[in-house]
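S.K.: pasting the sequence and the predicted model now:
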Amino acid sequence: MKHIRFLFPALLISLFGCRSASDYNQILEDIQENLDFGNISLVVQTVDSLKKSDIKNIGFMHVADSLEQIAKRIGLDFSKTETQVNNQIGKILGPFSKEDRLKWEKEGWLEWRMIDGEKKYFKRAASNLRLLKMFHEQNQERLLEIASEPEMIFRLKHTEQIIKTSENQSKPVVPVKMKITYTVTVHPDAVPDGEKIRCWMPWPKKSYQRQTEINLLSTSNPDYCSRHGYSQHSLYGRISEKRSSNNFSDFF
């Protein structure tokens, strides 16, 4: 079914020169709505007619021209008919049923939209379908494999709690206590004799709502210093003597 938003303000401007701010705004709203409905030809024809009119509103014409360019791009991208995309899918995936195609469309794996009242498919919909189908099938297999792992069970439950709890708010919810270790290892004899190794390890900011109660538990270098700047927080340590292996780590 074809939905058309009639562009009366555009006709008024073209025929009678009515140029109030409300007229301009209404035209852009109508063009946008027709673009959303997929009435590509109508959008292009309307903007072309406006370009031929004596309109001095540069900002208005700039937006109208942008909408026309978007419409043309959509028309080029969604150019495949149902018959064409069926043939392409058959060559890539092999035999399939109408029910398969409808399922892929419902899942969002097969991209399409209405263009001038006709169902059209994205020009790379068939090749994208193969990749999306492979990704989701492999992902489902992986989920089945790890479904019994304690860590994954916790993650899934925790994610579900976050979604439910944060439904009506934007602040961080359902906090979890974690222990984190950062480690940097320098290969043996990578540093020439007499040179010092300086290392800056990441250190989280305490001012963020998403991370609180941060406590340093231990460091590999007892003689360390901390840097707390506006854009970067870090722990600094250095090793003067040459070793067979050099490790820097902090645990918090």
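M.R.: Right, received. Where do you want to start?
S.K.: any stretches of the stretch 101-250 of the chain with poor pLDDT?
M.R.: 227-245 (pLDDT under 70).
S.K.: doesn't Arg113 belong to a strand?
M.R.: Yes: the assignment for Arg113 (DSSP: H, G, I helix; E, B strand; the rest coil) places it in a strand.
S.K.: beta partners of it?
M.R.: Taking DSSP bridges as the rule, Arg113 bridges to Lys120.
S.K.: just confirm it contacts Ser79, I think it does.
M.R.: No: counting by CB atoms under 8 Å, Arg113 does not reach Ser79; the two are 11.2 Å apart. Any C-beta I mention is one placed from the backbone N, CA and C, and that applies to glycine too.
S.K.: show me whatever sits in contact with both of these two.
M.R.: Lys120 (CB atoms under 8 Å, 6 or more residues apart in numbering).
S.K.: neighbours of Phe122, how many?
M.R.: 19 (other CB atoms under 10 Å).
S.K.: skipping adjacent residues, who's closest to it in space?
M.R.: Computed as CB to CB, 6 or more residues apart in numbering, the closest residue to Phe122 that is not its neighbour in sequence is Glu111, at 3.9 Å.
S.K.: so how far is the helix or strand where Glu151 lies off the chain centroid?
M.R.: Glu151 is located in helix 150-165, with elements delineated by DSSP states H and E. Chain-centre distance of helix 150-165: 22 Å, with CA atoms, centre = their mean, to the nearest Å.
S.K.: contacts for that helix, please.
M.R.: Ile146, Ala147, Val173, Val174, Val176.
S.K.: the last one: what's it in contact with?
M.R.: Counting by CB under 8 Å, 6+ apart, Val176 touches His158.
S.K.: make it 10 Å
M.R.: Residues in contact with Val176 (CB atoms under 10 Å, 6 or more residues apart in numbering) are Phe154, Arg155, His158, Ile162.
S.K.: can you give me the distance of it to Phe251?
M.R.: 17 Å (CB to CB, to the nearest Å).
S.K.: next: Ala64.
M.R.: Taken as CB to CB, the span from Ala64 to Phe251 is 60 Å.
S.K.: of those two, which one has the most company?
M.R.: Using other CB under 10 Å, the more surrounded residue of Ala64 and Phe251 is Ala64, with 23 against 13.
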